[in-house]
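S.K.: Test case, fold it:
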Amino acid sequence: EFVAKHSDCKLNATVEVSELMGSEIYLYLDYKGNKLTARVAPTSKAKNGSEVVVAFDPHKVHLFDPETELIYVDKMLSLGVDGFIIQPTANFKAVHDRIKRAGKPVVFFDAALYSPGTSWIKTNLYDGVYNATQALLDAGYEDFFSIAANMTEMRTRMERFQGYAEALAANGQLYKAIPIDHNKPSISELTDYFKYKLNPAKRTLIFVQNQWALPRVYKALQPMAHLLPKQIGLLGLNCEDWTNLTTPTVSTIIEPVDQEGRKAAEMLLALLDGSSTPGEQRILECKLNWLGSTSI
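M.R.: Okay, the predicted model is just below:
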């Protein structure tokens with residue numbers, strides 16, 4: 001039905017890898033040498049090497065332009081900047097090479113880059129999410145939901161997803177996925193979904209993987225707030241500015257983002273003054289902030 005509706009925006013691609021990830025399948029596709037990722041239902045019959053038809057809604061497409069990113073780097077170089085702190089995208093190798101050719105130091109933050117000579121700092125988000133999920137499994141939660149934006153757009157999104165999915169898989173559990181973006185689903189749509197999809201016979205955990213989505217999900221759960229935390233558990237990321245002020249308060253995994261930013265600046269300054277050489281790499285630990293929306 002979706003393909004038929006968007007027949008003018010479809011293409012034929014080859015499945016390179018089909019990977020079951022919890023309650024959905026990731027298809028890694030090749031289209032004329034371009035790499036694509038599709039998230040499909042677990043009932044998909046697509047196999048490695050098979051041809052599939054992919055369609056997309058042109059009104060929901062966000063295009064990444066590697067050339068534009070390099071133009072911005074060149075503009076900053078022309079302004080005489082001494083060094084860079086960059087959150088890497090899929091084009092990080094080209095960006096890194098361009099900055100190196102200019103002889104400028106660079107520190108990447110929020111991602112571990114397994115490339116020789118790169119300086120980076122990140123939080124240990126995978127372990128933070130994995131450990132929090134395991135603690136909630138041990139506490140008796142038995143049905144699981146994941147609310148997350150497109151994970152292929154940022155490295156950290158994939159890391160938090162893997163921590164959640166792999167902790168559940170290690171305990172023989174699956175999860176139900178609810179895609180979210182900055183517009184949809186709305187608060188009322190989420191409330192209706194929870195009303196009909198949550199199983200009252202099971203203790204349910206809802207993990208919101210994007211901090212900007214947590215307020216929306218929290219508001220959507222207000223009609224059933226009396227079920228938190230015994231019947232419904234809610235876990236989010238960061239949002240320390242408000243999660244301890246609500247009723248109930250909200251449990252979150254806290255990344256030391258202020259410390260990460262300061263350390264990234266210190267690393268860059270050390271490269272600039274010659275007291276350090278490229279290749280320094282740091283990992284900062286996350287904190288589990290257990291509050292009223294979970295029962296541990």
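S.K.: only C-alpha atoms for contact and neighbour calcs from this point on.
M.R.: Will do.
S.K.: From residue 180, how far off is residue 79?
M.R.: 39 Å (C-alpha to C-alpha, to the nearest Å).
S.K.: Between the two ends of stretch 165-184, what distance do you get?
M.R.: 23 Å.
S.K.: What of stretch 170-179?
M.R.: Stretch 170-179 end-to-end distance (C-alpha to C-alpha) = 23 Å.
S.K.: Equivalent analysis for stretch 135-146, please.
M.R.: 16 Å.
S.K.: ok, back up a step: just want to know which of residue 79 and residue 180 has more residues nearby.
M.R.: Ranked by neighbour count (other C-alpha atoms under 10 Å), residue 79 and residue 180 place residue 180 first, with 19 against 9.
S.K.: wait, what's in contact with that one?
M.R.: Listed by C-alpha atoms under 8 Å, 6 or more residues apart in numbering, the contact set of residue 180 reads 147, 148, 149, 150, 213.
S.K.: Where do the strands of the stretch 101-250 of the chain begin and end?
M.R.: 106-109, 119-123, 143-148, 176-179, 204-208, 232-237 (DSSP state E, counting those that start in this stretch).
S.K.: Surely residue 205 is in contact with residue 144?
M.R.: Yes - assessed by C-alpha atoms under 8 Å, residue 205 is found in contact with residue 144 at 4.9 Å.
S.K.: who's more crowded, these two?
M.R.: Remark: of residue 205 and residue 144, residue 205 carries more neighbours, 27 against 24, as counted by other C-alpha under 10 Å.
S.K.: quick one: the residue lying closest to that one once chain neighbours are set aside from residue 295, how far?
M.R.: Nearest residue to residue 205, sequence neighbours excluded (C-alpha to C-alpha, 6 or more residues apart in numbering): residue 233, at 4.5 Å. Note on residue 233: its distance to residue 295, by C-alpha to C-alpha, is 7 Å.
S.K.: Among these two, which residue is more densely surrounded?
M.R.: Neighbour count, other C-alpha under 10 Å: between residue 233 and residue 295, residue 233 has more, with 23 against 19.
S.K.: which residues touch the residue nearest to residue 205?
M.R.: 141, 203, 204, 205, 206, 293, 294, 295.
S.K.: And for the third one, the neighbour number?
M.R.: By other C-alpha under 10 Å, 22 other residues sit near residue 204.
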